[in-house]
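[1] got a sequence here, can you build the structure:
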Amino acid sequence: MKIRYAQGRTDEISIDVTTIEQVLLQLEINPVEVIVSKNGHLVPEDAMVSNDDEIRIFRIVHGG
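    Numbering: from 1, shown residues only. Just a heads-up that it's a prediction; the model follows:
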């Protein structure tokens with residue numbers, strides 16, 4: 001699976017079919033702090049992903 005981060009960094013990992021949430025936890029990323037797109041479409045944390053997918057991880061910015 002190809003993982004792209006908002007900062008431009010790209011990683012590749014090998015996984016079994018699993019959920020976005022499990023991938024984020026494996027990467028030590030808090031699922032509450034990000035939104036994720038899979039193959040160009042925003043998806044919820046319970047969306048299934050496999051090695052053929054590309055996900056992008058975007059950090060949510062808070063401010064006031």
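
[2] hey, where'd the helices end up in this protein?
    Assigned by DSSP state H, the chain shows helices spanning 20-26.

[3] which residues of it score low on pLDDT?
    Scanning the chain for pLDDT under 70 picks out the ranges 64.

[4] beta partners of His41?
    Beta-bridge pairing for His41 (DSSP bridges): Lys38.

[5] tell me the spacing between it and Glu28.
    Distance of His41 to Glu28, given as CB to CB, to the nearest Å: 25 Å. (C-beta placed from N, C-alpha, C; glycine too.)

[6] try Arg4
    Arg4 sits at a distance of 17 Å from Glu28 (criterion: CB to CB).

[7] may I have stretch 30-37 as CSV, with CA atoms only?
    Extracted C-alpha coordinates of stretch 30-37, given in CSV (Å, rounded to 0.1, in the frame of the first residue of the first chain):
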residue,chain,number,x,y,z
ASN,A,30,-4.2,9.1,16.2
PRO,A,31,-7.3,8.5,14.0
VAL,A,32,-9.1,11.5,15.6
GLU,A,33,-6.4,13.9,14.4
VAL,A,34,-6.5,13.1,10.7
ILE,A,35,-8.8,12.6,7.7
VAL,A,36,-7.9,10.0,5.1
SER,A,37,-8.6,9.6,1.4
